[in-house]
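> Here is a sequence together with a model predicted from it:
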Amino acid sequence: MAKPMKETKTQTMKQRHNWYMIRIVLGAYLIYLAWQIGSEVFSGNAKDNIILLGIAVGVFGVFGVVLIILNIRLLRTDRTSDNEDMPPEDKIE
């Protein structure tokens, strides 16, 4: 049998929220990697390819911050838009 429309919408909303959370964790991991590589470069332990490692630190850091900010915004707007579209008797308070 086909699933009701309401149940399918809730399931896809949960899936979107899970993807947002995975991307937020991925952004945090990229910032962590940038921090670890940066600490090695600035402490002087990494003597080879300092320029390449510096570029990697910048790219990982910026991309991680962008991932976190973008997905937090998407998560917040997705929650508010779905909550407003529901009929008053279905709203969770």
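The structure has been received and is ready for your questions.
> When you work out contacts or count neighbours from here on, use the C-alpha atoms and nothing else.
Fine.
> Check which helices and strands the top helix by length along the chain sits against.
Ranked by residue count and defined by DSSP state H, the top helix of the chain is helix 5-43. Secondary-structure packing of helix 5-43 (3 or more CA pairs under 8 Å, 6 or more residues apart in numbering; DSSP states H and E): helix 50-85.
> Counting neighbours, show which residues of the helix it packs on come out buried.
Neighbour-count burial for helix 50-85, counted by 16 or more other CA atoms under 10 Å, picks out 53-54, 56-58, 60-61, 63-65, 67-68, 71-72, 75.
> and it, what does it pack onto?
Here helix 50-85 is seen to pack against helix 5-43 when contacts are counted using 3+ CA pairs under 8 Å, 6+ apart.
> Could you check the angle the helix it packs on makes with helix 50-85?
160 degrees (axes from the mean of the first three to the mean of the last three CA atoms, to 10 degrees).
> Helix 5-43: which residues count as buried?
17, 20-21, 23-24, 26-28, 30-35, 37-38, 41.
> ok, now which ones touch the residue lying closest to I31 once chain neighbours are set aside?
Distances taken as CA to CA, 6 or more residues apart in numbering place G61 nearest to I31, at 4.9 Å, with adjacent residues excluded. Contact analysis of G61 by CA atoms under 8 Å, 6 or more residues apart in numbering lists L30, I31, A34, W35.
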